[in-house]
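Asks: Sequence below, structure please.
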Amino acid sequence: MKKVLVTGAFGQLGTELQLLTAGRPEFVFTDIREDGRVLRLDICDAREVGRFVSEHEVGAIINCAAYTDVNRAESDEALCRAINASGPGNLARAARRNDASLIHISTEYVFDGRNPAGYVESDRRHPLSAYGRTKREGEDRVRRSGCKGVIIRTSWLYSPFGKNFVKTMLRLGTEKSEVGVVRDQVGSPTYARDLAEAILAILDRIGERRGEVYHFTNGGVCSWAGFAETIMREAGLPCSVKPITTAEYPTPAVRPACSIMSKEKIVRDFGITIRPWEESLRECLVRIREQEN
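Replies: Numbering: from 1, shown residues only. You can find the predicted model right below:
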């Protein structure tokens, strides 16, 4: 049985994939450190990647590994590039040599966010941050490898695991009576469980696609402030949200003002169901409460 290698197993998406594939021995999970059923693999080491893919007879790779600290990347671009660009390139070349397919996860940060109508997959990429530049380079290296596979761009990812906007708002909602949140950046939240399910649905249907790009987020659009207001309301927290501008909340990295991405292509080609972001958020909040009890 050919194996499915999942990198970044301890991240939000990798954790959801572990839960969804529990009991399926063909899935091999890796990260930079070992823990239980997760094996160690440094995707920045080309030889290590090549040896791992060959020795484990890998037939497909899902690359969830990424450097995602957008602000720190501005002062740590070398490490960010190693993980977000060199790593995917190493995985793609190993996939090509072993006739394996690759699903690589990318981001809306490859766009500048200046188009208020949002983006389709073929739109010009113009990243404004170190994070976005390295993710664009990762996409390019995957494409140049010629391996079978697809690139999936997503945005505003959250889950019951790790650090994310939803969990931060829940914490602040218990600590503060008011929190300021940016209102002039808009996009579509993505529930990591929904993205993981979409990836598994696509996995066996890649065929001969090579470097094809798709977008996946949940349905609907909101601002960060609107997202925060909904989190507080659905969680029953009394904390109020004060909408502020990007200028009032400066950060080292420039963020796209518009992160809206069309999902028509992934729906058309794979029949993927896109749930409204509010529905997925409610499900995530239930899971978070269950973990706390």
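Asks: Next, count neighbours for residue 117.
Replies: 9 (other CB atoms under 10 Å). To be clear about C-beta, it is placed using only N, CA and C from the backbone, and glycine gets the same treatment.
Asks: How about the backbone phi and psi for it?
Replies: Dihedral pair for residue 117: phi -80, psi -10, per degrees, to the nearest 10.
Asks: measure it to residue 261 for me?
Replies: Noted for residue 117: a distance of 11 Å to residue 261, by CB to CB, to the nearest Å.
Asks: ok, residue 63 to residue 13 distance?
Replies: 10 Å.
Asks: anything in contact with each of the two?
Replies: residue 105 (CB atoms under 8 Å, 6 or more residues apart in numbering).
Asks: all strands for this structure, in order.
Replies: In the chain, the segments counted as strands under DSSP state E are 3-7, 27-31, 38-40, 58-63, 101-107, 148-154, 157-158, 178-182, 186-187, 190-191, 210-215, 222-223, 240-244.
Asks: Check which helices and strands the third one sits against.
Replies: Read that as strand 38-40. strand 27-31 (3 or more CB pairs under 8 Å, 6 or more residues apart in numbering; DSSP states H and E).
Asks: which residue packs closest to residue 138, ignoring adjacent ones?
Replies: The spatially closest residue to residue 138, leaving aside those adjacent along the chain, is residue 88, at 4.1 Å (CB to CB, 6 or more residues apart in numbering).
Asks: Sorry, slip of the keys, the one I care about is residue 278.
Replies: Per CB to CB, 6+ apart, closest to residue 278 is residue 230, 6.4 Å.
Asks: who's in contact with that neighbour?
Replies: Residue 230 neighbours (CB under 8 Å, 6+ apart): 222, 278, 281.
Asks: What of residue 195?
Replies: Contacts of residue 195 by CB under 8 Å, 6+ apart are 13, 16, 152, 154, 157, 216.
Asks: Flag the shaky bits of the protein, pLDDT-wise.
Replies: Within the chain, the set of residues satisfying pLDDT under 70 is empty.
Asks: As a quick check, tell me the outermost residue of it.
Replies: In the chain, residue 177 marks the outermost C-alpha relative to the chain mean, sitting 30.8 Å out by CA atoms, centre = their mean.
Asks: Name all residues that make contact with it.
Replies: 238, 239, 240.
Asks: make it 6 Å
Replies: By CB atoms under 6 Å, 6 or more residues apart in numbering, the contact set of residue 177 is empty.
Asks: Go ahead and measure how far stretch 134-146 is from the middle of the chain.
Replies: 16 Å (CA atoms, centre = their mean, to the nearest Å).
Asks: try stretch 170-181
Replies: 25 Å.
Asks: Dump that stretch to CSV, keeping only the CA atoms.
Replies: What follows is stretch 170-181, C-alpha atoms only, in CSV (Å, rounded to 0.1, in the frame of the first residue of the first chain):
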residue,chain,number,x,y,z
LEU,A,170,-12.1,33.8,23.2
ARG,A,171,-9.2,34.5,25.6
LEU,A,172,-9.5,38.3,25.3
GLY,A,173,-13.3,38.0,25.6
THR,A,174,-12.8,36.6,29.2
GLU,A,175,-10.1,39.1,30.1
LYS,A,176,-11.4,42.4,28.7
SER,A,177,-14.7,44.3,28.4
GLU,A,178,-13.7,45.8,25.1
VAL,A,179,-11.2,44.8,22.3
GLY,A,180,-10.2,46.8,19.3
VAL,A,181,-10.2,44.8,16.0
